[in-house]
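**Q** Got a predicted model here, sequence first, then my questions.
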Amino acid sequence: MSTTTTVTQTSGHGDPVLGPLDDARAQLAFAVNHLGLDDGMHQLLATARRELTVSVPLRRDDGSTALFIGHRVQHNFSRGPAKGGLRYSPAVDLDEVRALAMWMTWKCALVDVPYGGAKGGIAIDPRQHSQAELERVTRRYTSEIMPLIGPEQDIPAPDIGTDERTMAWIMDTYSVNHGHTVPGVVTGKPLSLGGSLGRASATSRGVSHTAILAMRHRGLDPRRSSAAVQGFGKVGRDGARLLAEEGVSVHAVSDVYGAVHNTSGLDVHALIDHVDATGSVLGFSGGEEIGGDDLLELDVDTLVPAAIEGVITEANADRIAARIVVEGANGPTTEAADATLRKRGVLVVPDILANAGGVIVSYFEWVQANQAYWWSENEVNEKLAERMTKAWDAVLHYAVEHEQSLREAATCLAVARVTEAHKLRGLYP
C-alpha cells in the first residue's frame, strides 16, 4: 500500500517534525492494511474531494485594510453532506484543515450520522479584533466559500475561535444571497435562530460520558477518581463541570495563560464564575498556579486534553502519569506518543470517539431544522448518550476481537463504513 507523508516543519536539529496530517494519514494506512483495501481505494480515502483556499480582505475599524487566508476542505461525502467546524486561529494552515476534515469523515461514520467530513479555518487571531471586524471577516469568508456550502452540501459549525454568533452571521449571509432563510446551512446556531437545546455542551457531554465509560472499563469508580482537563474553552469548561457533577475530583484545569491545581479537587462551578469575571483560570483562590504543560504530567486517573492538537508527543509521553487519556481535542496525541502510551498500558480514548458528541447533536439540530420541529433538552441528551454508548461498545468489541487499540479499532470501523458507501455508489462515469 502506498502512503503519503507531508513534513510540516523541522526541529532545531534539522529532524523532520510531523504534523496532524501525517498522523491522520498514518492512522488511515493502518486501517487500509488491516482491511485489505487496494491502493486505489487507499488513495481515494487519503485525498480530499474538494479544497478551496480564499483570500479574505478586511476593512479594519481604523480604515486600514488587512488580508487573511481562509480554507474549506471537503474530505469525503460518500455517506452524506460534508460536515465540519470553522476555526479562527493564527495557526490555521491547509494541512491542518486537511487532517481535521479527514478525522471528521471517520468521526461521522463511527457514530453513524449521515455525513462526510469537512473543515474550515481562517488564519486570524480573533482576540485581536473587534466584534464588527470579526463579523466582516465572517461574512466575506462566507461569500467566498458559498458555492461549496449548503444544507445538502456542506454544513459548518463552531470550532476554536468561533461561536454561535459566528454561525448566525454565516446563516444570514447565505440566506440573504439565496433570497430566503436557510437555517440548516449551519449548526451550533443561537436557539432563537433554530439552534438545538443541548448543542452548546454536546461535545463536552460526549467527552464526559466516554470518560466515565472508560473509567468503569478500567475498574475505577468515578466518584473515587481524579481528572485533569487541559483547556477551559468550548470543550474543557463544560467537560470539567460535567465530570465534577458525576463525582469525579477535578484536580487541575488550564487555559492559554496557565493552570490551577488542587489535589483535594477544584470547585469547578466557582472556577467558572472566576473565569467569567477575569477571563482566565489564573488567580483562582481555590487552587495553586502551575504551568500549563505541567498539567499533562499530573498523577491523576484520567487526563482530558481538550485544547489543541499535538500536545502529547514523543517528548512527554513517558511522563504522562494518567491511566486513561480521553481526547477532548482533535489530534492531541501524536502517532509516536500514541505508541508509547500503549506500551505503557495507558488507555487512550481517541478523538473520533470521545469528542463526537458535537457532531451527533449537530446532526440532531440539522434534522430539527429540516423538520421545523424541536426536541426537548432531555430528549437531545438521552439520544446523545445512547449514540455515544453504542459507539463505545462497538469500538471496544472490535478492539478486543482484533487485539487493537481503541484508536485502531475506531479508525478501522469508520474506514470500513466509508469504504462500503464508496463501493455501493460506484465510480462515475
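**A** Yep, that arrived. What you see is a predicted model, and the numbers here were worked out from it, not measured in a lab. Numbers count the residues shown, from 1 in each chain.
**Q** What's the end-to-end length of stretch 345-359?
**A** Across stretch 345-359, the terminal residues are separated by 29 Å (C-alpha to C-alpha, to the nearest Å).
**Q** Quick check: mean pLDDT of whatever helix or strand Thr210 lives in?
**A** According to DSSP states H and E, Thr210 maps onto helix 202-217. Mean per-residue pLDDT for helix 202-217: 96.
**Q** In that helix, which residues are buried?
**A** 202-215 (16 or more other C-beta atoms under 10 Å). To be clear about C-beta, it is placed using only N, CA and C from the backbone, and glycine gets the same treatment.
**Q** C-terminal to it, what's the next element?
**A** That would be, after helix 202-217 and using DSSP H and E, strand 226-230.
**Q** quick one: buried residues of the following helix or strand past that following strand?
**A** Next helix or strand after strand 226-230 toward the C-terminus (DSSP H and E): helix 236-245. By 16+ other C-beta under 10 Å, the buried positions in helix 236-245 come out as Gly236, Arg237, Asp238, Gly239, Ala240, Arg241, Leu242, Leu243, Ala244.
**Q** Please state the offset of stretch 301-308 from the chain centre?
**A** Stretch 301-308 has its average C-alpha position 12 Å from the chain's average C-alpha position, going by C-alpha atoms, centre = their mean, to the nearest Å.
**Q** Please name the residues that touch the closest residue to Val186 other than its chain neighbours.
**A** Ranked by C-beta to C-beta, 6 or more residues apart in numbering and with sequence neighbours excluded, the top spatial neighbour of Val186 is Met167, at 4.3 Å. Contacts here follow C-beta atoms under 8 Å, 6 or more residues apart in numbering; on that basis Met167 touches Pro156, Ala157, Pro158, Val186, Thr187, Gly188, Lys189, Pro190.
**Q** And the pLDDT at Met167?
**A** Looking at Met167, its pLDDT reads 97.
**Q** Now it: which helix or strand?
**A** Here Met167 sits within helix 164-178, counting by DSSP H and E.
**Q** Glu420 too?
**A** Applying DSSP H and E, one finds Glu420 within helix 406-425.
**Q** Contacts made by that helix with the rest, please.
**A** 27-28, 30-32, 34-35, 37, 41, 44-45, 76, 78-79, 105-107, 109-110, 112, 116, 338, 347-350, 352-353, 394-396, 398-399, 402, 404.
**Q** Distance-wise, check the nearest residue to Pro350 once chain neighbours are set aside relative to Ala99.
**A** Once flanking residues are discounted, Pro350 sits nearest to Arg407: 3.9 Å by C-beta to C-beta, 6+ apart. According to C-beta to C-beta, to the nearest Å, Arg407 and Ala99 sit 14 Å apart.
**Q** And the pLDDT for the residue most central in space within the chain?
**A** Compute the mean C-alpha point of the chain, and by C-alpha atoms, centre = their mean the closest residue is Asn330, 4.3 Å away. pLDDT, Asn330: 88.
**Q** Start at 576, not 1
**A** In the new count, where the first residue is 576, that last one comes out as Asn905.
**Q** Enumerate every residue touching it.
**A** Contacts of Asn905 (C-beta under 8 Å, 6+ apart): Pro595, Leu675, Trp678, Glu884, Asp926, Asn930.
**Q** would TSV of those residues with pLDDT be doable?
**A** Below are the contacts of Asn905 laid out as TSV (pLDDT from 0 to 100):
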residue	pLDDT
Pro595	87
Leu675	94
Trp678	94
Glu884	85
Asp926	93
Asn930	93
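**Q** of those residues, closest to His849?
**A** Asn930 (25.2 Å; C-beta to C-beta).
**Q** All the helices of the protein, residue numbers only.
**A** 595-610, 614-621, 669-685, 706-720, 739-753, 777-792, 811-820, 843-853, 910-918, 926-929, 932-946, 952-977, 981-1000 (DSSP state H).
**Q** per-stretch mean pLDDT over those, give me the minimum one.
**A** Among the helices of the chain, helix 932-946 scores lowest, with a mean of 91.
**Q** Specify the angle between that helix and helix 777-792 in degrees.
**A** Orientation of helix 932-946 against helix 777-792 (axes from the mean of the first three to the mean of the last three C-alpha atoms, to 10 degrees) gives an angle of 130 degrees.
**Q** by contact count, what packs against helix 932-946?
**A** When contacts are defined as 3 or more C-beta pairs under 8 Å, 6 or more residues apart in numbering; DSSP states H and E, helix 932-946 packs onto strand 657-663, helix 669-685, strand 729-733, helix 777-792, helix 952-977.
**Q** Just put the ones you listed in JSON lines and tack on distance to Gly858.
**A** Shown next, in JSON lines, are those (distance: least, C-beta to C-beta, whole Å):
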{"stretch": "strand 657-663", "distance to Gly858": "26"}
{"stretch": "helix 669-685", "distance to Gly858": "32"}
{"stretch": "strand 729-733", "distance to Gly858": "27"}
{"stretch": "helix 777-792", "distance to Gly858": "23"}
{"stretch": "helix 952-977", "distance to Gly858": "33"}
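**Q** Indicate which one of those is closest to Thr713.
**A** Per C-beta to C-beta, nearest to Thr713 of the helices and strands packed on helix 932-946: strand 657-663, 8.5 Å.
**Q** can I see the domain layout of this structure?
**A** By the record's domain assignment, the chain is partitioned as 625-756, 777-924 (automatic domain parsing).
**Q** will you turn those into CSV that also has distance to Glu957?
**A** Shown next, in CSV, are the domains of the chain (distance: least, C-beta to C-beta, whole Å):
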stretch, distance to Glu957
domain 625-756, 15
domain 777-924, 11
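**Q** What count of nearby residues applies to the residue lying closest to Ala966 once chain neighbours are set aside?
**A** Nearest residue to Ala966 in three dimensions, chain neighbours excluded: Val686, at 4.9 Å (C-beta to C-beta, 6+ apart). Close neighbours of Val686, defined as other C-beta atoms under 10 Å, add up to 25.
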